[in-house]
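A.B. asks: Provide a 3D model corresponding to the input given below.
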Amino acid sequence: GLTCGREEVEITERALDEPTVWQSHQTIILREYLDVSSELIIEECAEVRMHDDGAIYVMDDGAIKSQGTAEHPVTFTSSETTPAAGDWRNIEIQSTAALDSSFDHTIFEYGGGGLSAYGMLYVEGGATVAVTNSTFRDGQMHAVDLDDGAIVTDFTGNSFENIEAHLIRVYPDAVASLSPITSTNNASEIVLVMGGDTIADGTWSDLSVPYETAGYIYILSDITVEGGVTLLMGDDLAIYVEDLGTLILDGTSNAHITVTSAQATPGAGDWRNIEIHDSASTNSRFSFTDFNYGGA
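C.D. replies: Next up, the predicted model:
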């Protein structure tokens, strides 16, 4: 008996500064960007259609709570009659936003375009978000973009389809927040890990797609890498374990870990090494791990 997205509501203001609910029976038409500085709740079934280069910026103690269900997801999509990847820009959770933005059973499609180099969902350093049971599809840039210092409280049950860039761009300290994903027909079946430090302890899970390094990674905490993970090392890159950090590559006889070159045609010396410095803890361990094409 639930009516989904039948009443069109055009948003003409550029700022939302009081508590608002976009309701199940509504199709929200967003012609430009919208600054959200209060609580925005989006009910199951609601659809948000973005015009060219449209975006939602959550800031100044604002929060967005997308409350879809398995049967009736919330959808962020293009307003074009014939939609295509990059029709709209993104949803940005900025560092000044409240700490309880969340997306459950939400579809993001045809975004990641415009002047932004960010993904359909961009979480700034210091911002907090939960993303569960959601689908990212037909995106031009990264589907999910987690800036250095972004805090992810939950990231489970998500899927990616027809993404034209990397699935997720993330910095080392947030990698342990990610859980296994479903990935189908993407141009780059990769989670891109930027250079930086790990501060919190955690486990890098086998997400079902490889990680690829895009900078030097410094392990300054206790990091375990699950069996089954493939780690693609970028050109001349390395992992440094130091300052009481611990790196455990926890492969098993049935699920090896592979550390190898990110090059399409790999060769000896494509990447540098893993260095255990004298300032690291004494607990680093490598089990059932295959190292290929390094030693530059």
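
A.B. asks: quick one: low-confidence parts of the stretch 1-150 of the chain?
C.D. replies: The stretch 1-150 of the chain contains residues with pLDDT under 70 at 1, 115-116.

A.B. asks: quick check: mean pLDDT across the helix or strand containing Ile223?
C.D. replies: Taking DSSP states H and E as the definition, Ile223 sits inside strand 222-226. Averaging pLDDT along strand 222-226 yields 98.

A.B. asks: go on, stretch 246-264?
C.D. replies: In this model, stretch 246-264 has a mean pLDDT of 98.

A.B. asks: before we move on, the earlier item: what sits up against the helix or strand following the strand holding Ile223?
C.D. replies: Using DSSP H and E, the helix or strand that directly follows strand 222-226 along the chain is strand 230-233. Contact with strand 230-233 is made by 190, 210-213, 225, 257-262, 270-272, 294, as judged by C-beta atoms under 8 Å, 6 or more residues apart in numbering. All C-beta spots, glycine's among them, are computed from the backbone N, C-alpha and C.

A.B. asks: mind listing the helices for the stretch 151-296 of the chain?
C.D. replies: For the stretch 151-296 of the chain, no helices are identified by DSSP state H, counting those that start in this stretch.

A.B. asks: low pLDDT regions in it?
C.D. replies: Ranges of the stretch 151-296 of the chain meeting pLDDT under 70: none found.

A.B. asks: which strand residues bridge the residue nearest the centre of the chain?
C.D. replies: Residue closest to the average C-alpha location in the chain (C-alpha atoms, centre = their mean): Val144, at 3.2 Å. Val144 has these beta-bridge partners by DSSP bridges: Leu121, Ile168.

A.B. asks: report the contact partners of it.
C.D. replies: Contact partners of Val144, counting by C-beta under 8 Å, 6+ apart, are 119-121, 123, 131, 136, 167-170.

A.B. asks: what does Leu192 give?
C.D. replies: Counting by C-beta under 8 Å, 6+ apart, Leu192 has contacts 142, 166, 168-170, 211-212, 214.

A.B. asks: might you calculate how far the strand holding Ile223 sits from the centre of the chain?
C.D. replies: Its chain's average C-alpha position is 19 Å from that of strand 222-226, according to C-alpha atoms, centre = their mean, to the nearest Å.

A.B. asks: now render the contacts of Val144 as a markdown table, adding distance to Tyr218.
C.D. replies: Putting these into a markdown table (distance: C-beta to C-beta, whole Å) gives the following:
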| residue | distance to Tyr218 |
| --- | --- |
| Gly119 | 24 |
| Met120 | 29 |
| Leu121 | 26 |
| Val123 | 22 |
| Val131 | 26 |
| Phe136 | 29 |
| Leu167 | 24 |
| Ile168 | 20 |
| Arg169 | 18 |
| Val170 | 15 |
